[in-house]
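1. how does the following fold in three dimensions:
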Amino acid sequence: MGLEFVCSIFLLKNILLRKGEYFLSEDVISYINLTKIYEENKASIVSDQPHLEKVEYTDDKEKLFPKIKTESFHGAVELYLAANSMSDIKANNLNFTYSFKDLGKYKRKNWEFQKEWRYIITLSPMGLQEGNPPSFAKQQEQIRRIENLSLEPPYKQIFLDIDSDALKDIEIVFGPKMSEAEKIMAKTLIKEYCPEATYRDSILRIG
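-> All right, here's what the predicted structure looks like:
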C-alpha cells in the first residue's frame, strides 16, 4: 500500500522548552520530544527542528548530490582527529566545516508532479548527555563518528506528534500500486478516523 498526504498547514504539535532544559540557553519552540532523545542519549539534535522545506525539482547534479564537507586543505580532518590539543589545531591552521542545509531539498525533475514538501531533521551521532559538558576529546569523537560511513545512524526513524487540527484540511493520494481492496480499506479508515479528508488516485502510472 502506498499513500501520500497533502495538507495546507504545518502538521506538527509544538512543544515549549524552557531555558535550562536539555542544556538550552533560551526558551525554544520545538516539534521533537527532546525528553526521549535526552534519555536515550544516542544523538544530539537542534531543538527547533524539523524544518519544513519545499522540494525543488532539478537535474542539476551539484544540487542533487551537494558537497557536505569543506576542508582548509586535503587531510585536515585526519590531522584534527590525530591532534592532542587545540594548540595543535592552531599550529597547523586546521579548518573544516560540514554543511547539511541542502540535503533532502532536491529531487529529479521527473518527480515534479509530486509537489512535495519535506520535514528535515539533522542530528549528530553523540548523545546530549554524552556531549555535555563539551571537551576537545568529545569534539574529536563526534567528528570521528560523523566520518565513519560504516557507523549505523542513531535513529532510522523518529516519530513526531501531529497537531490536533492538522487533519481537518488534508488530501490523501492513493499510490499507483494500490489494489482496489487496499483502496477500500483506506477509505474505511479515512471515514472512521479522518472524515473531513478528501482522497484521490495518483496521476502517476506504473506499467
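2. now the strands: where do they sit in the protein?
-> Under the criterion DSSP state E, strands of the chain are mapped to 3-7, 15-17, 28-30, 44-45, 51-54, 56-57, 69-71, 96-98, 106-107, 117-120, 123-124, 170-174, 198-201.
3. and those strands, which is most packed in?
-> Sort those by mean neighbour count, taking mean count of other C-beta atoms under 10 Å, and strand 44-45 sits at the top with a mean of 22. For the C-beta atoms, the positions are set from N, CA and C on the backbone; glycine is no exception.
4. ok, that one: who's next to it in the sheet?
-> Using DSSP bridges, the strands paired with strand 44-45 in its sheet are strand 123-124 (antiparallel).
5. return the distance of the strand it pairs with from the chain's centre.
-> Strand 123-124 sits 9 Å away from the centroid of its parent chain (C-alpha atoms, centre = their mean, to the nearest Å).
6. pLDDT on that strand, on average?
-> Strand 123-124 comes out with an average pLDDT of 92.
7. also stretch 47-65?
-> Per-residue pLDDT over stretch 47-65 has a mean of 92.
8. what about it, how long is it end to end?
-> Distance between the two ends of stretch 47-65: 26 Å, counting by C-alpha to C-alpha, to the nearest Å.
9. what does stretch 28-43 give?
-> 19 Å.
10. picking up where we left off before, now the strands of the chain in JSON lines, with distance to Lys156?
-> Putting the strands of the chain into JSON lines (distance: least, C-beta to C-beta, whole Å) gives the following:
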{"stretch": "strand 3-7", "distance to Lys156": "20"}
{"stretch": "strand 15-17", "distance to Lys156": "22"}
{"stretch": "strand 28-30", "distance to Lys156": "21"}
{"stretch": "strand 44-45", "distance to Lys156": "14"}
{"stretch": "strand 51-54", "distance to Lys156": "20"}
{"stretch": "strand 56-57", "distance to Lys156": "25"}
{"stretch": "strand 69-71", "distance to Lys156": "23"}
{"stretch": "strand 96-98", "distance to Lys156": "21"}
{"stretch": "strand 106-107", "distance to Lys156": "21"}
{"stretch": "strand 117-120", "distance to Lys156": "15"}
{"stretch": "strand 123-124", "distance to Lys156": "12"}
{"stretch": "strand 170-174", "distance to Lys156": "25"}
{"stretch": "strand 198-201", "distance to Lys156": "29"}
